[in-house]
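Participant: kindly return the folded structure for what I paste below:
(one chain, ligands or ions: 1)
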Amino acid sequence: MASDHETIVTMEATPVKFGTGASADAGWELKRLGIKRAMLVTDPGVAALGHPERIKKLIEAEGIDVVLYDRARVEPTIDSFQDAADFALEHEVDGFVSVGGGSSMDTAKVANLVSTHPAPVMDYVNPPIGDGKKPPSPIKPHVAIPTTSGTGSEATTVAVLDIPEMKVKTGISHRYLRATQAIVDPDLTRSLAPEVTSSTGLDVVCHAAESFLSKPFDHRPRPDSPDERPPYQGSNPIADVWSAKALEFGGRFLRRAVTDGDDVEARGYMMLGATMAGVGFGSAGVHIPHSCAYPIASVKHEYQPSGYPDDHPFVPHGHSVIVTAPAAFRFTYDAMPERHHQVAELLAGEPIADPGPDTLPEVLRALMQDVDAPRGVAEFGYAEDDIPTLVDGALKQQRLLAISPKEVGEDDLRHIITASMTNW
Ligand SMILES: [Fe+2]
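Facilitator: The predicted model follows:
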């Protein structure tokens, strides 16, 4: 019987250069990778902070041409990815550097993919929405320099995009999308608004918690070929190491990073935690809260978050994820009670006496309140009669729901989202 089950795990990670001032090495890293003409991808908000311009000069000082692309969309779409890919082709670049949050890094990944192996973006999008086409060979070098501490995109194989006309968020995922080198410099997050630190930090906590609480990799059937092994493998001893440490950092440092933007130690650990959680979920994967977050972010666009650019209403990713986490982990509790206790204790930073099904949800609610997270799904403009649409959207994320530790159907998602309308 054991022979029918998966027995193999894969560990892959982006090489990471971490520490205060590390972004000064950007030019050196691009030169080392043999890049002669780089496309620097950023978004207008990050560009306004000045980091991209400073990094561009550092790269040029190494004799490398840099073409600046500062139009990355905060919620990337097929069109915005295509625009970046066309720009890369037009300028005949041989490498990429991204400076920004998940959307800038993801835009660089897709511009790299599509300009290396030209095809309509939709061909590469995960099925059932796209064709799930696989790139035939590795793509160009990409140095990823995050300026927020959340997505962990510098460490993952995924690029996320919004398809507004289908009211769905989905992604492109392949191991070749992983950045060649990450440079993680806590100095770059100093200017972040507390709301941004709160949302991105709670995203880190969810990446780590969902990975740690995903279906164990050896509960999956053995694939017929290595090609069919899913990128999200389920919890495993390697991913656990990364996720557990990220949970510990989230519990210890997120409150401090939100309260005092200049707390360099807290910011540094949150940034390291984001990358470490990225390695963890890049291996194990995320499930229910992220599945629910996609429709929460894409069905209605009427929430205007404070602390973010006010050019278009949207739900910040981390906040869209965390709101269903307490109910989701209440639901998954009986699949692995002991591991739920472990997550609660890692976040709390101390042993918890007599833990039970509500322990982790309570620890999460306390953290959410302390970092001024939205109270629940209702705060984003949703009412009871929107719940069926949100459930439908979450059900489309079968690739993620497949690694929930407990089988999750339509009724379960309805209960989870209903319970998450307001968390306190
Ligand atoms: Fe996330």
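
Participant: need the helix or strand of the chain with the lowest average pLDDT.
Facilitator: Among the helical and strand segments of the chain, the one scoring lowest on mean pLDDT, DSSP states H and E is strand 168-173, with a mean of 86.

Participant: tell me which other helices or strands that one touches.
Facilitator: helix 102-116, strand 158-163, helix 288-298 (3 or more C-beta pairs under 8 Å, 6 or more residues apart in numbering; DSSP states H and E). Every residue, glycine included, has its C-beta placed from N, CA and C.

Participant: mean pLDDT for the ones you listed - can I get that in JSON lines?
Facilitator: Formatted as JSON lines, these follow (pLDDT from 0 to 100):
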{"stretch": "helix 102-116", "mean pLDDT": "96"}
{"stretch": "strand 158-163", "mean pLDDT": "89"}
{"stretch": "helix 288-298", "mean pLDDT": "94"}
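
Participant: mind putting the ones you listed into a markdown table with distance to residue 404 and mean neighbour count?
Facilitator: Below are the helices and strands packed on strand 168-173 laid out as a markdown table (distance: least, C-beta to C-beta, whole Å; neighbours: other C-beta atoms under 10 Å):
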| stretch | distance to residue 404 | mean neighbour count |
| --- | --- | --- |
| helix 102-116 | 23 | 28 |
| strand 158-163 | 18 | 23 |
| helix 288-298 | 6 | 27 |
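
Participant: of those, which is nearest residue 410?
Facilitator: helix 288-298 (12.2 Å; C-beta to C-beta).

Participant: can you name the next helix or strand after the closest one?
Facilitator: Next along the chain after helix 288-298, taking DSSP states H and E as the criterion, comes helix 317-322.

Participant: tell me which residue is most central in this protein.
Facilitator: With distances taken as C-alpha atoms, centre = their mean, the residue of the chain nearest its centroid is residue 151 (3.3 Å).

Participant: that residue and residue 206: what is the separation?
Facilitator: Residue 151 sits 11 Å away from residue 206, going by C-beta to C-beta, to the nearest Å.

Participant: rewinding a little: who are the neighbours in contact with the nearest residue to the residue nearest to the centre of the chain once chain neighbours are set aside?
Facilitator: Distances taken as C-beta to C-beta, 6 or more residues apart in numbering put residue 102 closest to residue 151, at 3.2 Å, once the chain neighbours are dropped. Counting by C-beta atoms under 8 Å, 6 or more residues apart in numbering, residue 102 touches 148, 150-151, 153, 160, 317.

Participant: out of these, which is nearest to residue 246?
Facilitator: Nearest to residue 246, judged by C-beta to C-beta, of the contacts of residue 102 is residue 150 at 11.2 Å.

Participant: and that closest one, helix, strand or coil?
Facilitator: Taking DSSP: H, G, I helix; E, B strand; the rest coil as the rule, one finds residue 150 in the coil state.

Participant: that one touches residue 320, doesn't it?
Facilitator: No - counting by C-beta atoms under 8 Å, residue 150 sits too far from residue 320 to count as a contact (11.8 Å).

Participant: which one's more surrounded, these two?
Facilitator: Comparing residue 150 with residue 320 by other C-beta atoms under 10 Å, the one with more neighbours is residue 150, at 32 against 28.

Participant: from residue 318, how far off is the residue lying closest to that one once chain neighbours are set aside?
Facilitator: Sequence neighbours aside, residue 200 is the residue nearest to residue 150 in space, at 2.7 Å (criterion: C-beta to C-beta, 6+ apart). Distance of residue 200 to residue 318, given as C-beta to C-beta: 5 Å.

Participant: now the protein, which segments are flagged as low pLDDT?
Facilitator: Scanning the chain with the threshold set as pLDDT under 70 gives 1-3.

Participant: what's the neighbour count on residue 423?
Facilitator: 23.

Participant: and it, helix, strand or coil?
Facilitator: Applying three-state DSSP: residue 423 is coil.

Participant: that one contacts residue 376, correct?
Facilitator: Yes - counting by C-beta under 8 Å, residue 376 is a contact partner of residue 423 at 4.7 Å.

Participant: thank you, goodbye.
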